[in-house]
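Colleague: Fold the following.
(one chain, ligands or ions: 1)
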Amino acid sequence: MSQDRLFPATIMPDQNWWHVLWPDPDGVVRALRIEPGMTVVDVGCGDGYFTAAIARQIGMGHIIGFDLDPVMLKQAKATCEGMKNCDFLLGDAMELGHLISSPANYILMANTFHGAPDKTALAQEVAAALKPDGCFAIINWHPLPRQETTVLGQPRGPRTELRMSQEQTRSVVEPAGFELKALVELPPYHYGAIFRKTARHESPGK
Ligand SMILES: C[S@@+](CC[C@H](N)C(=O)[O-])C[C@H]1O[C@@H](n2cnc3c(N)ncnc32)[C@H](O)[C@@H]1O
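Modeller: Residues are numbered from 1 along each chain as shown. Next up, the predicted model:
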C-alpha cells in the first residue's frame with residue numbers, strides 16, 4: 001500500500017495534547033448520533049481513539065477501523081484490544097467503495113477530510129460504501145487562525161488555509177449525493193457535519 005496516497009496534513013497528533021483536546025470521545029460519538037446496533041466505518045481511524053469510543057457505543061453493532069498507514073492500524077488494534085465488535089482494514093479512502101464489502105449505516109471521518117485533494121470524489125467513495133439513508137459525518141476544525149487554536153500552550157491542528165467552514169464542507173459533500181442532516185458543535189475548536197445519503201447517489205465511475 002503506497003504511503004504517497006496519504007492525504008497531506010493528516011498525521012496522527014501526539015496523544016499528550018490530543019487527549020486534552022478530546023477528553024470525552026464517548027460524548028463526541030453520542031453527539032454525532034452513532035447508535036447501538038449500527039455498522040460503522042471510521043475512515044482515517046489513526047490510533048483508534050474514536051474507534052474504541054464507537055465500539056463502546058454500538059454494542060452488538062460492528063465497527064471497522066480503516067487507515068492507509070499500517071503503523072496506525074496496529075495502534076488502533078491495540079487501543080481496541082478485547083473489543084469483539086471491531087475489525088480493521090488497511091486501505092486508501094479513495095478506494096473505499098471497492099474495499100468495504102458490506103455497506104455501512106454510518107461512516108465517520110474525523111480530522112482527516114480537510115487533507116483530501118479531491119473531496120467530492122472522496123465523498124462519492126463514502127456514498128458507495130453506505131447503505132441507502134446511511135450517514136456520513138465529518139469532524140473538522142473550525143476555520144479559526146491556527147495561532148488561536150492552542151492546546152497545552154501551543155498552536156495545534158492543520159494550517160489555517162486548510163481549515164474548512166461548514167459551508168465549504170457542504171459545498172463539496174452534497175454534490176456526491178448527500179444532504180446535510182445536522183451540524184453539531186464539538187468545543188472548543190471543532191464541528192461535526194452529519195450528512196444523509198440521498199437517492200440521487202451514483203457509484204463512482206458510472
Ligand atoms: C489526523 S489523523 C486522525 C485520526 C482519528 N480520526 C482521530 O481523529 O483521532 C488522520 C488519519 O488519516 C489517515 N489517512 C490519511 N490519508 C488517508 C487515506 N488516503 N486513506 C486512509 N487513511 C488515510 C492517516 O494515516 C491518519 O491516521
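
Colleague: Strands of the chain, residue ranges please.
Modeller: Counting by DSSP state E, the chain has these strands, from start to end: 39-43, 62-67, 86-90, 104-110, 130-141, 150-151, 154-155, 178-186, 190-197.

Colleague: Could you report the distance from the nearest residue to residue 125 once chain neighbours are set aside to residue 40?
Modeller: Closest residue to residue 125 in three dimensions, ignoring its sequence neighbours and counting by C-beta to C-beta, 6 or more residues apart in numbering: residue 96, at 4.1 Å. For the C-beta atoms, the positions are set from N, CA and C on the backbone; glycine is no exception. Per C-beta to C-beta, to the nearest Å, residue 96 is found 13 Å from residue 40.

Colleague: since we're on the residue nearest to residue 125, how many residues are nearby?
Modeller: Counted by other C-beta atoms under 10 Å, the residues lying close to residue 96 total 25.

Colleague: With residue 47 instead?
Modeller: The burial count for residue 47: 23, using other C-beta under 10 Å.

Colleague: which residues does residue 77 contact?
Modeller: Taking C-beta atoms under 8 Å, 6 or more residues apart in numbering, we find residue 77 in contact with 48, 65, 86, 88.

Colleague: Hmm, I typed the wrong one, I wanted residue 43.
Modeller: Going by C-beta under 8 Å, 6+ apart, residue 43 touches 66, 67, 93, 96, 107, 108, 109, 112, 126.

Colleague: Next one: the fifth one from residue 145, what distance?
Modeller: Spelled out, it's residue 107. For residue 107, the distance to residue 145 - C-beta to C-beta - is 30 Å.

Colleague: would you list every one of the helices in this protein?
Modeller: 15-21, 25-31, 49-58, 70-79, 96-99, 119-128, 166-173 (DSSP state H).

Colleague: do you know how far the spatially most central residue of the chain is from residue 155?
Modeller: What sits nearest the mean C-alpha location of the chain, by C-alpha atoms, centre = their mean, is residue 109, with 1.0 Å. Taking C-beta to C-beta as the measure, residue 109 falls 23 Å from residue 155.

Colleague: how close does the residue lying farthest from the centre of the chain get to the ligand?
Modeller: Each residue of the chain has a distance to the centre, and by C-alpha atoms, centre = their mean the biggest one is for residue 153: 26.2 Å. As for residue 153, its distance to the ligand is 20 Å (criterion: C-beta to the nearest ligand atom, to the nearest Å).
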